[in-house]
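**Q** here is the input, now give the coordinates:
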Amino acid sequence: MFSFFDCFDKITGDTLTLKIIEKNPGDDQAIPFYYYDIYKNDSDQPIGKISIRIGHNFHSYYNGNLGYEIDEPYRGHHYAMIACQMLLPVAKAHGMDYLDITCNEDNIASYKTMEHLGAELLEICDVPKTYCYWEEGMKSQRIYRLKLS
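**A** Next up is the predicted model:
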C-alpha cells in the first residue's frame, strides 16, 4: 500500500503556496497522486491547480507525473513552473529519479513551462488506444522527461 507524507500537505515558497485538496492512492492503472490548489502568497483565492503522480507505469508515460492548470487571469507569470519546482522535493522524497511531463502537441504555454524546467523532449507521439485515458480524436502528445538527480 502506498504511503503519503503529511509534511507535503502545505508547501510554501517565496511566491506561491500549495495546499492539498486530495491524496489519491490510485488503482491498477492510475498511480498515486497528490492534488493541490495553488495560491499566491498574498491572496486567499486559488489561482490554479497542480498534481504530482508518484511512480511510473505504462499509463503515466502518456499522462505524465505532473499536471497543472493556471486560471486565465494569472497566466503569463510562470506560476506553473514555480509550482512544478515546488513539487520536486515530493518526487525525491518518494525515491523518484525522473518525472515524465506531457501536454498536447499544440499547447505552447505548457511545453515552454516544461522546457524552462529543464525537461528534455523525448518524443511527439499519438497515444495508443491501450492508454487508460485514450479517447477518439485525442491530440498528439509531447512527452518530456525531467531528471531529478
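
**Q** which elements pack onto the helix or strand hosting residue 109?
**A** Per DSSP states H and E, residue 109 falls inside helix 108-117. Contacts defined by 3 or more CB pairs under 8 Å, 6 or more residues apart in numbering; DSSP states H and E place helix 108-117 against helix 79-93, strand 98-104, strand 141-147. C-beta: built from backbone N, CA, C; applies to glycine.

**Q** so the second one versus strand 141-147, what angle?
**A** Okay, so that is strand 98-104. Counting by axes from the mean of the first three to the mean of the last three CA atoms, to 10 degrees, strand 98-104 points 160 degrees away from the direction of strand 141-147.

**Q** what pairs with the spatially most central residue of the chain across the strands?
**A** Centroid-nearest residue in the chain, with CA atoms, centre = their mean: residue 66, separated by 1.4 Å. Following DSSP bridges, residue 66 is listed with bridge partners residue 52, residue 101.

**Q** swap in residue 11?
**A** residue 18.

**Q** about what we covered before: my read is that the residue nearest to the centre of the chain contacts residue 99, right?
**A** Yes - when contacts are counted by CB atoms under 8 Å, residue 66 is listed as touching residue 99 (5.9 Å).

**Q** now the common contact residues for those two.
**A** Listed as contacting both residue 66 and residue 99 by CB atoms under 8 Å, 6 or more residues apart in numbering are residue 52.

**Q** fine by me, we can end here.
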